[in-house]
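Q: build me a structure from this.
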Amino acid sequence: MGDARLLNPAALDAKKSPRARVSIVVPTAWLREGARLELAVPAKLRCDLCDGGGCDACGRSGAYRAPEEGAKVALTLPRVTDDFLALRVTNPFGDREPTLLVVRLAAGVEPSAGVTWVGPNHDVEPVVPPGMPQLPNIPKWLPWALLVIAAALLGLLTRRC
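A: Below is the predicted model of the structure:
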C-alpha cells in the first residue's frame, strides 16, 4: 500500500482486508487539546466490515483475536471540536491480522478502561475556527492594574461632591 493510499481514508475504507473495530470514551479535554494515548486492546475485536455478523475477511466469525494478551496500541489524537471521532490504525499488530484497526472515540467525563493518557499532542497547532478572531494575550497583572485605576478614579469622583 503506497503512502498516498495509506493517508487516504476513503482508500482505507474501500479495502476489504481484515479490519477490526474498538470503541472507547475519552475525556472531552483530550479531544479539544489533542493527546497521545495508549490503548490496551481487548482480547476479542469486532469485525468492522460486517459489524460482527461474519464475512469473508473475518472467516465468518465476526471477530478477531488480539495476537497477544494485553497488546497495546499507541494513538495520537488530533485537536478537534467534535465529540465523536474515528481513527484508523494501519498494521496495529505488525504483520498479523487484522491489518487495520478502526478506533471510534466519543467524548465523555472519564476514559474507558484500558485507555491511558501518555502526554499532550504537540504535533499540531491549536485550531481557531474560521471567522473566530484570535484572542489577545493579556498579561495577568493588567486586570489588577485596571481595578486600581478604577478605584482611584472612583475615589477622586466621590471627594469632589
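
Q: show me what the most centrally placed residue in the chain is bridged to.
A: Against the mean C-alpha coordinate of the chain, by Cα atoms, centre = their mean, the closest residue is residue 77 at 3.3 Å. Bridge pairing for residue 77 (DSSP bridges) gives the partners residue 35.

Q: isn't it right up against residue 35?
A: Yes. The pair residue 77 / residue 35 is scored as a contact, 4.8 Å apart, by Cβ atoms under 8 Å. (Each C-beta comes from the backbone N, C-alpha and C, glycine too.)

Q: overlap in contacts, the two.
A: With contacts taken as Cβ atoms under 8 Å, 6 or more residues apart in numbering, residue 77 and residue 35 have 26, 121 as neighbours in common.

Q: can you give me the pLDDT of the residue nearest to the centre of the chain?
A: Looking at residue 77, its pLDDT reads 91.

Q: residue contacts, it?
A: 26, 30-31, 34-37, 85, 87, 105, 121.

Q: make it 6 Å
A: 30, 34-35 (Cβ atoms under 6 Å, 6 or more residues apart in numbering).

Q: with residue 34 instead?
A: In this structure, residue 34 makes contact with 77-79, 121, 124, judged by Cβ under 6 Å, 6+ apart.

Q: and these, which are buried?
A: With burial judged by 16 or more other Cβ atoms under 10 Å, the buried subset of the contacts of residue 34 is 77, 79, 121.

Q: I am finished for the moment; much appreciated.
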